[in-house]
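Peer 1: Sequence first, then the predicted structure, then my questions.
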Amino acid sequence: MLVDELKTLVSLLEAPEEEERRRAVIGLAGYPVEVARAPLFAAMGDSSWRVRKEAVNVLVGMSPDEATIDAIVSLLAAPDNAGLRNSAVEALERLGEQATTSLLHTITDRDHDVRKFVIDILGTIGDRTCLPALIAALADPDANVSAAAAENLGKLGDPRAVSPLVAALAAPDVWFRYSVLGALARLGVPVPYAVLAPLAAENLLKRPVFDCLGAVGTVEAAGLLVSGLTDRVRTVREAAAVALMRLRDRLDDPAALTTLDRQLATLRGTAGINGLLASLDAAEQTTVEAVVRILGLIGDTRAAVPLVQGVRNERLRRLCLDGLRDLGVTGLAALAAAYPEADDEERTLILHVWGELGYAAGETFIEEAMTAGQPALRRAAAVAVGKIGLTSLLGNIEALLADSDSDVRDGCIGALVRLAPAESNAVRPIAQSLAGAAAPERRRDAVLLYAALADVERLALLAKDEDSLVRRSAVVALAEAGRRESLGSLVMALVDEDAEVRIAAATGLGESGNAEVLAPLFVALEDEDPWVQCAILRSLGKLGSENALDAIEQRLSSFEGVVLIAALETLSCIKGPRALALVRRALDNPDEEVVKAAIGILANDGTEWLAESGERLLRHPHWDVRITFARALAQLLGEAAVPQLLAALDAEEDDLVRGQLRDLLGRWRQC
């Protein structure tokens, strides 16, 4: 019977439909490896990648013996089937160290392609016992094989490979030495500068030499790398830039850092800067980042405007600002010189940079921009005033509060918030004016200013505003102030007519950490809005008081849905036997989401509850509860959960749940 079934599967491997062939491969998994080997090899050369992939999965899953692994290695020589060779490579790599012995027997095969395959596979496996064989392969007569040996010695990561690789640098083949240099860079073990420096005389080796010096060189290499920044070939310049910054990041000696930075400073005022500026548009982010850093360290003011352009790029913004900071006052002054001829977009960027770096000398241009026709310029100027702390322009900021553009007005409020601590006497009247404005958004701005002024009394008044958004903003600000005198206003806000205000008040009281707010929170649990109740429960959890247990237990039977889940989460924060007993009660709730939440909480607190709940939860009417509990069972008991999971699998009728149970059992190969 089994013979007939095997013949059927083998015949199906020739079926025209891809899916039939794939299913036939899966069927072969039920046979001994010595029986299934030949048809699986045939499937590994199938025209469909899905069939080939399945064949590799099945073969590797059989834990093949040495003879089978030898046979897989022999497939590397398949002359006319690239798919079969690639499948063999994948299988051997996945078998890992099990395949090392067979591969080493073939590393001297007379076919140079096979030798290269073997070396690449050994490098991917990473078994260091193959180190001597890879070192020997450095002398292989085939250039591709010797280069692969060098590359994979780098992947192997064994420092014992350094000396043979250094010796191999004497070989005449340039591309071989290219691979050797890459391997040395990857190993990261110091190599004498005197060995590497002469190789940079060959144009084709400059890049790998620079890469290697960046990875393993010392400050001795700084001069060569700095000279590489002015090379006529762009890719070489960029390689030197990346290597130089990599080297600099590895230096922990202040004297060495100073030496390197002085070498860089020699490029200041030279034509070499032009090549670096051209690389600011490089495709590689790593290259651009290195160039930006170098321009800042060189300190040439010609880099100021290009670095400002780099501020547009969010990923480069911080680096460009750092570079401009490194340029110092002279660089920011260079921006001032360029400002009159710049277009509006460039001016906006310059204002942004001045604000970020606190350049007060740009005040004249900033004041001028506050009346510019472009809203973006006016906003950038207002923001810069706040960040720099230009209190002399506070009046200009106040005037801009009436600007027709909301972004400009927001920028002004942000500036006033920054200026408020130092200029409270000037900002307070502005806040009072905004607090009395007819427009609610102006009164919300007043909230921001009073918060910056730490004026709890005025915030308390705004917490009673007719507009619910103003009240909510004031309540949030009172909570963030963290002052004891704010608590009364927050408690009053628990009965606000707007649910969002009540939620903000409840959340703020939870953040206060003050046990005095427990009583009003208990009373507020009667709120009719479920989301307010959730916020109150979360705050009770943050306060972590056992006194909350009585209040929760009294109401637990009346809670439903999200409120009940929030109550369970609160109980998990309070902890203790009594709290967990209340959580266990939720396992009988008719809402499956509540039951799942209870399982998740209890799973984080031991296994005692499993015995009394296990059978009924594995037979729960809702499929998702059954899955959730099965996962918790496997997580908590490990292999000891197998009998229960097997029993559940026997009784389970839902295919999805059965699949999940099989996956869990598969960890211990029980089914």
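Peer 2: Nice, I can see it. Bear in mind that the values here come from a model prediction, so they are computed numbers and not experimental data.
Peer 1: use CA for all of it now, contacts and neighbours both
Peer 2: Fine.
Peer 1: Which secondary structure element is home to the residue nearest the centre of the chain?
Peer 2: With distances taken as Cα atoms, centre = their mean, Arg315 lies nearest the centre of the chain, 13.9 Å away. Arg315 belongs to helix 314-338 when assigned by DSSP states H and E.
Peer 1: Next, the buried residues of that helix.
Peer 2: Neighbour-count burial for helix 314-338, counted by 16 or more other Cα atoms under 10 Å, picks out 316-317, 319-328, 330-336.
Peer 1: and the end-to-end length of stretch 414-429?
Peer 2: End-to-end distance for stretch 414-429: 16 Å, by Cα to Cα, to the nearest Å.
Peer 1: For that stretch, the averaged confidence score.
Peer 2: Across stretch 414-429, pLDDT averages out at 94.
Peer 1: For that stretch, which residues meet the burial criterion?
Peer 2: Neighbour-count burial for stretch 414-429 [16+ other Cα under 10 Å]: Gly414, Ala415, Leu416, Val417, Arg418, Leu419, Ala420, Glu423, Ser424, Val427, Arg428.
Peer 1: hang on, the third one packs against Val427?
Peer 2: If I follow you right, that is Leu416. Yes - in this structure, Leu416 is within contact of Val427 by Cα atoms under 8 Å, at 6.8 Å.
Peer 1: so what sits against both of those two?
Peer 2: Counting by Cα atoms under 8 Å, 6 or more residues apart in numbering, the common neighbours of Leu416 and Val427 are Leu449.
Peer 1: and Ser572, what does it touch?
Peer 2: Gly541, Ala579, Leu580, Val583, Ile601.
Peer 1: check which helix or strand covers it.
Peer 2: Going by DSSP H and E, Ser572 is part of helix 561-574.
Peer 1: same deal with Ala380?
Peer 2: Using DSSP H and E, Ala380 falls within helix 375-388.
Peer 1: pLDDT on that helix, on average?
Peer 2: For helix 375-388, the mean confidence score works out to 96.
Peer 1: Also stretch 440-455?
Peer 2: Computed over stretch 440-455, the average pLDDT equals 95.
Peer 1: which outside residues touch it?
Peer 2: Residues outside stretch 440-455 that contact it (Cα under 8 Å, 6+ apart): 413, 416-418, 420-421, 424, 427-428, 431-432, 434-437, 456, 458-459, 462, 467, 469-470, 473-474, 477-478, 481.
Peer 1: Neighbours of Ala361, how many?
Peer 2: Using other Cα atoms under 10 Å, Ala361 has 14 neighbouring residues.
Peer 1: Then Arg312?
Peer 2: When neighbours are counted by other Cα under 10 Å, Arg312 registers 13.
Peer 1: Per-residue pLDDT of it, please?
Peer 2: Per-residue confidence at Arg312 stands at 83 (pLDDT).
Peer 1: next one: phi and psi at the closest residue to Ala77 other than its chain neighbours?
Peer 2: Once flanking residues are discounted, Ala77 sits nearest to Val114: 6.0 Å by Cα to Cα, 6 or more residues apart in numbering. Main-chain dihedrals, Val114, degrees, to the nearest 10: phi -60, psi -40.
Peer 1: what about Val114, distance to Ala504?
Peer 2: For Val114 relative to Ala504 (Cα to Cα), the value is 70 Å.
Peer 1: same thing with Ala360?
Peer 2: For Ala360 relative to Ala504 (Cα to Cα), the value is 39 Å.
Peer 1: same thing with Lys7?
Peer 2: 72 Å.
Peer 1: For the two, indicate the residue with more neighbours.
Peer 2: Per other Cα under 10 Å, whichever of Lys7 and Ala504 has more neighbours is Ala504, with 25 against 11.
Peer 1: show me the contacts for that one.
Peer 2: Ala504 touches Arg472, Val475, Val476, counting by Cα under 8 Å, 6+ apart.
Peer 1: try 10 Å this time
Peer 2: 471-477, 479, 490, 493-494, 510, 532, 535-536 (Cα atoms under 10 Å, 6 or more residues apart in numbering).
Peer 1: Just say helix, strand or coil for it.
Peer 2: Put simply, Ala504 is helix when judged by DSSP: H, G, I helix; E, B strand; the rest coil.
Peer 1: where's it relative to Ala551, distance?
Peer 2: 21 Å.
Peer 1: again, but for Asp261
Peer 2: 66 Å.
Peer 1: just how off-centre is the helix or strand containing Ser613 within its chain?
Peer 2: Taking DSSP H and E as the criterion, Ser613 maps to helix 610-618. Helix 610-618 sits 39 Å away from the centroid of its parent chain (Cα atoms, centre = their mean, to the nearest Å).
Peer 1: what sits up against it?
Peer 2: 584, 587-588, 595, 599, 602-603, 620, 623, 625-630, 632-633, 636-637, 644-645, 647-649, 651-652.
Peer 1: Buried members of those residues into PyMOL, please.
Peer 2: Filtering the contacts of helix 610-618 down to the buried ones (16+ other Cα under 10 Å) takes a single PyMOL command:
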select buried, resi 584+587+595+599+602+603+620+623+625+626+627+628+629+630+632+633+636+644+645+648+649+652
